[in-house]
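Peer 1: requesting a structural model of the entry that follows:
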Amino acid sequence: MQWILSIFQTYVPLIIAGAGVVITVIASGHAILYKRDSRAAVAWVGLIWLAPFLGTILYVLLGINRVRRRVAGRRGHESVHYRALDAFACRPRELHALLPAGGSNMVEMARLGGALSQMPLLRDNRVEPLIDGDEAYPAMLDAIASARVSVTLAVYIFDNDSVGEQFLRALARAVKRGVEVCVLIDAVGVRYSTWPISGRLRRNGVRTAHFMSGTVPWRTPYINLRNHRKIMVVDGTIGFTGGMNIRDSHLLGTGPAYPTHDMHFRVTGPVVQQLQATFVEDWQFTTGELLSGDQWFPEPAGADGPVYARVIPDGPDRDMNKMTMAFQGALAAASHSVTIMTPYFLPDRDLISALNTCNLRGVQVDVVLPLENNLKMIAWASMAQMWQILEWGCRVWLTPPPFDHSKIMVVDGLFSLVGSSNWDPRSLRLNFELGLECYDTELARKLEARIAERMRGAHRLTLAEVDNRPALIKLRDGVVRLAAPYL
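Peer 2: Here you go, the predicted model:
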């Protein structure tokens, strides 16, 4: 026994050390080959070598930000359902003829959107803004109540609270009527409730799945990569999307403990099929089931609406960086005004340059943020880099409480980009997001009016205020900013 113990004491440390070197080299090589940002690659390689084993584990959990999704149902034109949309496709020349005087610059933005999404810009849509849960939830529940054949719902947070209860009952009643119902909840978002609602949904016959679920590392290899999209489609003809989750806090009329403003959008017209196709791909990736047939994709019909619209999916797979490029393209196309409303504002160096360049061209750039953020660390990190856009003349406005979770971009009173994406690294590099690209002056006017309403009493942040923060506050904000990619 003594000689066995001696061998164990002699060789096991060497084996562990050798294994550590091997996995460190492999992890370092992966970071060098696949990290797009050289600064990130250097940081990860340094951590991997300075903290053997721990650095590699952190890199596997936090640093590998791409998913290879194998799905048979594609969003491109090879889908039989998508070929039916060609009748509603708007070519750049047609859009140019329909734009008001001075709006021809938006044709280039439309070309960019098509190149990014590989989907056509579609005419004959209606896009109706719904303010807070007070407007959005009744409209969504009414749509579920009227469903005849199908309901699909994808959401990041589906709380087990009074609002969640209303949706649960509406979905359960739809199932009893013979409606096909599929609900996809993010596996992290579902845990916002102590007792997740998904079990109750399943017991009521609602097909429910968790996106990227798993409780152990080998079952959840990408703990950062969350499905942050919000999609609901009823009978393949009525869609809802935007930034709103399903939870009490958005129902401001009831006086919730943590009131949260937000905007959602009721969509009708052929673009609803692009929303549905995005859900179908996420559902197939999660469950392996391909939803097809007329109950999910009926013959597309126009809604006689004025909005030209297109879905732009974004995520850490083949859709990587599409929302970032859409934001950059809109800033490059702007001729006189850009208004951005977002709860979380941590743009990277390229977006900061795009904002400043846009402003220096003579375009008025306004960034509207909540005065009191629900995530303090994001607010601190945001303040640490705010000087970078203030020094070049961009205007930053801080709106009074309640906290506003809306995500809106309006350019030149003509182009609107709405959806689920924030202006932060988590949304733009780590999450699956969805944007709705819209061309319509009336919709843009409504969104600008809503932003103007929220800006009543807003405080304009100045460069002097940012510069005059106490040194310890600046240090705190700067340290937190170092973790910006994962906030």
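Peer 1: what's the first helix or strand after whatever helix or strand residue 138 lives in?
Peer 2: Counting by DSSP states H and E, the element that carries residue 138 is helix 132-145. Once the chain leaves helix 132-145, the next helix or strand it forms, by DSSP H and E, is strand 150-155.
Peer 1: so who does residue 194 touch?
Peer 2: Residue 194 makes contact with residue 160 under the criterion C-beta atoms under 8 Å, 6 or more residues apart in numbering. In short, each C-beta sits where N, CA and C put it, glycine included.
Peer 1: does it belong to a helix, a strand or coil?
Peer 2: Under DSSP: H, G, I helix; E, B strand; the rest coil, residue 194 falls in the coil class.
Peer 1: distance of it relative to residue 419?
Peer 2: Remark: distance between residue 194 and residue 419 (C-beta to C-beta, to the nearest Å) = 29 Å.
Peer 1: how deep is residue 192 tucked in, by neighbour count?
Peer 2: Number of residues near residue 192 (other C-beta atoms under 10 Å) recorded here: 18.
Peer 1: what residues does the helix holding residue 138 touch?
Peer 2: Contacts of helix 132-145 (C-beta under 8 Å, 6+ apart): 130, 151, 163, 166-167, 170-171, 173-174, 232, 234, 238, 240, 242, 244, 246, 250-253, 261-264, 266.
Peer 1: what's the helix or strand for the residue lying closest to residue 151 once chain neighbours are set aside?
Peer 2: In this structure, residue 151 finds its nearest non-sequential neighbour in residue 181, 4.7 Å apart by C-beta to C-beta, 6 or more residues apart in numbering. Residue 181 belongs to strand 180-186 when assigned by DSSP H and E.
Peer 1: one more: residue 173?
Peer 2: Counting by DSSP H and E, residue 173 is part of helix 162-176.
Peer 1: next one: residue 239
Peer 2: Per DSSP H and E: strand 238-242 holds residue 239.
Peer 1: now the angle from that strand to helix 132-145?
Peer 2: Per axes from the mean of the first three to the mean of the last three C-alpha atoms, to 10 degrees, the angle that strand 238-242 makes with helix 132-145 is 150 degrees.
Peer 1: please enumerate residues in contact with the helix or strand that comes right after strand 238-242?
Peer 2: Per DSSP H and E, strand 238-242 leads on to strand 260-261 as the next helix or strand towards the C-terminus. For strand 260-261, contacts defined as C-beta under 8 Å, 6+ apart pick out 131, 132, 249, 250, 252, 374, 402, 403, 404, 405, 406, 454.
Peer 1: okay, now the second one: neighbour count?
Peer 2: Just to be clear, that refers to residue 132. Residue 132 has 23 neighbouring residues, counting by other C-beta under 10 Å.
Peer 1: cool, and the last one?
Peer 2: By the criterion of other C-beta under 10 Å, residue 454 has 20 neighbours.
Peer 1: with the fourth one instead?
Peer 2: Around residue 250 sit 25 other residues, with neighbours defined as other C-beta under 10 Å.
Peer 1: and the nearest residue to it once chain neighbours are set aside, how far from residue 279?
Peer 2: Residue nearest to residue 250 in three dimensions, not counting chain neighbours: residue 133, with 3.4 Å by C-beta to C-beta, 6+ apart. Separation of residue 133 from residue 279 (C-beta to C-beta): 21 Å.
Peer 1: neighbour count winner among these two?
Peer 2: Shown here are residue 133 and residue 279; by other C-beta under 10 Å, residue 133 has more neighbours (27 against 22).
Peer 1: state the pLDDT value of that one.
Peer 2: Predicted confidence (pLDDT) for residue 133: 97.
Peer 1: now do the domain split for the protein, please.
Peer 2: 2-63, 80-94+124-306, 322-486 (automatic domain parsing).
Peer 1: so which of those comes closest to residue 109?
Peer 2: Each of the domains of the chain has some distance to residue 109 by C-beta to C-beta; the shortest is domain 322-486, at 4.3 Å.
Peer 1: okay, now the unreliable bits of the stretch 201-350 of the chain?
Peer 2: Applying pLDDT under 70 to the stretch 201-350 of the chain flags residues 214-223.
Peer 1: where do the helices sit along it?
Peer 2: 272-287, 322-333, 349-360 (DSSP state H, counting those that start in this stretch).
Peer 1: what's the spacing between the longest one and its chain's center?
Peer 2: Relative to the centre of its chain, helix 272-287 is centred 15 Å away, using C-alpha atoms, centre = their mean, to the nearest Å.
Peer 1: ditto for stretch 333-341
Peer 2: Going by C-alpha atoms, centre = their mean, where stretch 333-341 is centred and where its chain is centred differ by 20 Å.
Peer 1: buried stuff in it?
Peer 2: By neighbour count on 16 or more other C-beta atoms under 10 Å, the buried set for stretch 333-341 is 333, 334, 335, 338, 339, 340, 341.
Peer 1: what's the end-to-end length of it?
Peer 2: 18 Å (C-alpha to C-alpha, to the nearest Å).
Peer 1: contacts for that stretch?
Peer 2: 102, 105-106, 108-109, 112, 330-331, 358, 362-369, 404, 406-413, 415, 423, 448, 451, 454.
Peer 1: what secondary structure does residue 397 sit in?
Peer 2: Going by three-state DSSP: residue 397 is strand.
Peer 1: the residue nearest to residue 151 and residue 346, how far apart?
Peer 2: In terms of C-beta to C-beta, residue 181 sits 37 Å off from residue 346.
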